[in-house]
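Undergrad: when you get a sec, could you give me coordinates for this:
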Amino acid sequence: MLEFEKAMIDSIPKPVADVATEVVAGEMLLYEPRQTRAVYLNPTAALVFGLCDGNRSVGDIMRTITECYLDDAASVSDDIFAAVKGLQASGVLVLG
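TA: Residues are numbered from 1 along each chain as shown. Predicted structure coming up:
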């Protein structure tokens, strides 16, 4: 686990205020009105974003998802860290 991942594991992510979600043809789009842009989420990022409720830590989210993907838990963990980092960089998620 990398240093930024160790620092992130206990963080509690939550969506920023006013982010609107829309599901179109099975794909999720997020609209962040202050930046007036849309963020497309791949299936992994959509699952992660859906679990970011301000109550679960990144570690909790990882445990929840990896329980479903026991055969490929290491790869899934990397995808979860990448999704959280990408959502944060897109301005639709904050870490508390």
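
Undergrad: in this structure, spot the helix with the most residues.
TA: As assigned by DSSP state H, the longest helix anywhere in the chain is helix 73-89.

Undergrad: direction included, what does the next helix-or-strand element following that helix pair up with?
TA: As assigned by DSSP states H and E, the chain's next helix or strand after helix 73-89 is strand 93-95. The pairing partners recorded for strand 93-95 under DSSP bridges are strand 13-15 (antiparallel).

Undergrad: mind listing the strands the next helix or strand along the chain from the partner strand pairs with, and their directions?
TA: Going down the chain from strand 13-15, the next helix or strand is strand 20-24, by DSSP H and E. Taking DSSP bridges as the criterion, strand 20-24 forms sheet pairs with strand 27-32 (antiparallel).

Undergrad: each with direction, which strands does the very next helix or strand once past the strand it pairs with pair with?
TA: Moving toward the C-terminus from strand 27-32, the next helix or strand (DSSP H and E) is strand 37-41. Here strand 37-41 has these sheet partners by DSSP bridges: strand 27-32 (antiparallel).

Undergrad: hmm, who's touching the helix or strand of the chain with the lowest mean pLDDT?
TA: Least confident helix or strand of the chain, by mean pLDDT, DSSP states H and E, is helix 3-8 with a mean of 77. Contacts of helix 3-8 with the rest of the structure, by CB atoms under 8 Å, 6 or more residues apart in numbering, involve Val58, Phe81, Val84, Lys85, Leu95. C-beta coordinates here come from the backbone N, C-alpha and C atoms, glycine included.

Undergrad: my guess is the first one contacts Val48. True?
TA: This points to Val58. No. In this structure Val58 lies outside contact range of Val48 using CB atoms under 8 Å: 9.0 Å.

Undergrad: what touches both of those two?
TA: Ile80, Val84.

Undergrad: tell me the contacts of Asp10?
TA: Per CB under 8 Å, 6+ apart, neighbours of Asp10: Ser57, Val58, Gly59.
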